[in-house]
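Peer 1: Got a predicted structure here, sequence first:
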Amino acid sequence: MTARLPTGARSAILAGGAVMSVAMGVRQSFGLYLDPLASGYGHSLGLIAFAIALHNLTWGFAQPFAGAASDRFGPAPVVAAGAALYAAGLSLVALSASTAALLVGMGVLVGLGISCSSFGVVMAALGRAVPAERRSMAMGLASAGGSLGQALFVPLAQGVAQGSGTAASLLTLAACLVLAAPLGLLLGRAPDPSAAAEPAMPLRHAVRQALGHRGYVLLTLGFFTCGFQLAFIGTHLPAYLTLCGMPAGAGALALATIGLFNMIGSWACGWLGGRLPQQQVLGWLYLLRGLVILAFFLAPKSQPVLLAFAAAMGLMWLGTVPLTSGLVAKVFGTHHLGTLFGLCFLSHQLGSFLGSWSGGLVFELTGSYALIWTATALAGFVAAALHFPIDARPALAVPVLTVRRGAS
């Protein structure tokens, strides 16, 4: 696919995948630190879950601004600043056992850093770098890079933690982020082949148009579920498996398997999004997610069941991102894609905050994850119902505030 693209576009895809690999791979390792931070640093499980949830919330509120900065100044300075903030946050958590260090490091600095080095910046850069007919595939390939990072960095974090301790593990991840900082330069080199065909629109007008578009509102509401599901599973699956009597390494194995299979899933979702209505693919993806989560919760826990669950979830893990960002680009163009996807992504991160925090809160109140597993499955069914009626025609070609049932 990339062989027929201009050199700048190919470089942008590879750089975007690498940035996503580091940023998302490091983030997906956070669930491994719940028990070590509780036993070695004296933090409560609820406080750690809140700090992880807070970084999701910070990420969400910062994402529109990071996207707007990338739209205006290019991705290079934004990615570099994000990598530095991200690394500083992890280092602060590693070197101090205070509550303030945990909340500021994991909750604020990590959230600010990842907003500048993940979806909102990378997908917007690719949306401008790649022709419209290849956009969904390119975004899927970059999302697959995030999955490769999960498969690489989760075992790395686990191995360093077992061999040298929690602090060394966190500092190792921080060093990897610093090394990734220059990759934003390659994201900014590709031309914008479609910008000349899009009419200029002030940012305020573009935001007002998007917020008044029912399809965008439905897409944004549905994206909440994606954040809720992924944050709950990524944060609490290792602890849940321990409660189920599974071996200590089962959580790392499951998260790495999710990352491995999501390399296939992200590419497949990007491929499907270039050939089928993206909102329909999203609807089926959320429906299948809900069914898989419910089946895993009800099934007896064993390694084959766990691996089957991780593989199935991996196929659907980050596939929502190229579909959602591609749909925003299709409807509203790419001039303000970083900002508009960032606003949509804020909903995703509100869901992530609730998924991470409520998992710990519900467990502390009830001594069980049963209620939150059920809610996570049901949320998938609701999200599916929100996506099927979205009208994906370009907004400039249709009246604002339109939704057409059964639209394709």
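Peer 2: Arrived safely, thanks for sending.

Peer 1: From here on, just use CA atoms for contacts and neighbour counts.
Peer 2: Will do.

Peer 1: packing partners for the biggest helix by length in the chain?
Peer 2: If you go by DSSP state H, the chain has its longest helix at helix 132-164. For helix 132-164, the packing partners by 3 or more C-alpha pairs under 8 Å, 6 or more residues apart in numbering; DSSP states H and E come out as helix 7-27, helix 119-129, helix 166-180, helix 250-273, helix 320-332.

Peer 1: Which stretch among these is buried most, on average?
Peer 2: Of these, the one with the most neighbours on average (mean count of other C-alpha atoms under 10 Å) is helix 119-129, at a mean of 30.

Peer 1: could I get that one in PDB with only the CA atoms?
Peer 2: Below are the C-alpha coordinates for helix 119-129, written out as PDB (Å, rounded to 0.1, in the frame of the first residue of the first chain):
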ATOM      1  CA  PHE A 119      -3.900  10.100  18.300                       C
ATOM      2  CA  GLY A 120      -5.000  13.800  18.100                       C
ATOM      3  CA  VAL A 121      -1.600  15.000  16.700                       C
ATOM      4  CA  VAL A 122      -0.500  11.900  14.800                       C
ATOM      5  CA  MET A 123      -3.900  11.200  13.100                       C
ATOM      6  CA  ALA A 124      -4.300  14.900  12.100                       C
ATOM      7  CA  ALA A 125      -0.800  15.000  10.600                       C
ATOM      8  CA  LEU A 126      -1.600  11.800   8.600                       C
ATOM      9  CA  GLY A 127      -4.900  13.200   7.500                       C
ATOM     10  CA  ARG A 128      -3.100  16.000   5.800                       C
ATOM     11  CA  ALA A 129      -0.200  14.000   4.600                       C
END
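
Peer 1: So what touches stretch 208-226?
Peer 2: 320, 324, 328, 332, 340, 344-345, 347-352, 379-380, 382-384, 386-387, 389-392, 400-403 (C-alpha atoms under 8 Å, 6 or more residues apart in numbering).

Peer 1: Give me the subset of those residues lying in helices.
Peer 2: Under the assignment DSSP H, these contribute 320, 324, 328, 332, 340, 344-345, 347-352, 379-380, 382-384, 386-387 to helices.

Peer 1: Of these, grab the buried ones for ChimeraX.
Peer 2: Written as a ChimeraX command, the selection of buried residues from those, which uses 16 or more other C-alpha atoms under 10 Å, is:
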select :320,324,328,332,340,344,345,347,348,349,350,351,352,379,380,382,383,384,386,387
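
Peer 1: quick revisit: pull out the buried residues from the longest helix of the chain.
Peer 2: Buried, per 16+ other C-alpha under 10 Å, within helix 132-164: 132, 134-158, 160-161.

Peer 1: quick one on the thing from earlier: I'd like to know which of the helices and strands packed on helix 132-164 is closest to Leu187.
Peer 2: With C-alpha to C-alpha as the criterion, Leu187 lies closest to helix 7-27 of the helices and strands packed on helix 132-164, at 4.5 Å.

Peer 1: so how far is that closest one off the chain centroid?
Peer 2: 14 Å (C-alpha atoms, centre = their mean, to the nearest Å).

Peer 1: now do stretch 19-37
Peer 2: With C-alpha atoms, centre = their mean, you get 12 Å for stretch 19-37.

Peer 1: average pLDDT for it?
Peer 2: Stretch 19-37 carries an average pLDDT of 85.

Peer 1: Report the backbone C-alpha coordinates of it in PDB.
Peer 2: The C-alpha trace of stretch 19-37 is given here as PDB (Å, rounded to 0.1, in the frame of the first residue of the first chain):
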ATOM      1  CA  VAL A  19       5.500   7.800  17.900                       C
ATOM      2  CA  MET A  20       2.200   5.900  18.600                       C
ATOM      3  CA  SER A  21       4.200   2.800  19.400                       C
ATOM      4  CA  VAL A  22       6.100   4.500  22.100                       C
ATOM      5  CA  ALA A  23       3.400   6.700  23.500                       C
ATOM      6  CA  MET A  24       0.700   4.000  23.600                       C
ATOM      7  CA  GLY A  25       3.000   1.100  24.400                       C
ATOM      8  CA  VAL A  26       4.200   2.900  27.500                       C
ATOM      9  CA  ARG A  27       0.700   3.900  28.500                       C
ATOM     10  CA  GLN A  28      -0.600   0.300  28.200                       C
ATOM     11  CA  SER A  29       1.900  -0.800  30.800                       C
ATOM     12  CA  PHE A  30       0.300   1.200  33.600                       C
ATOM     13  CA  GLY A  31      -1.900  -1.600  34.800                       C
ATOM     14  CA  LEU A  32       1.300  -3.500  35.800                       C
ATOM     15  CA  TYR A  33       2.200  -0.900  38.400                       C
ATOM     16  CA  LEU A  34      -0.900  -1.000  40.500                       C
ATOM     17  CA  ASP A  35       0.400  -3.600  43.000                       C
ATOM     18  CA  PRO A  36       4.000  -2.400  43.000                       C
ATOM     19  CA  LEU A  37       3.000   1.200  43.600                       C
END
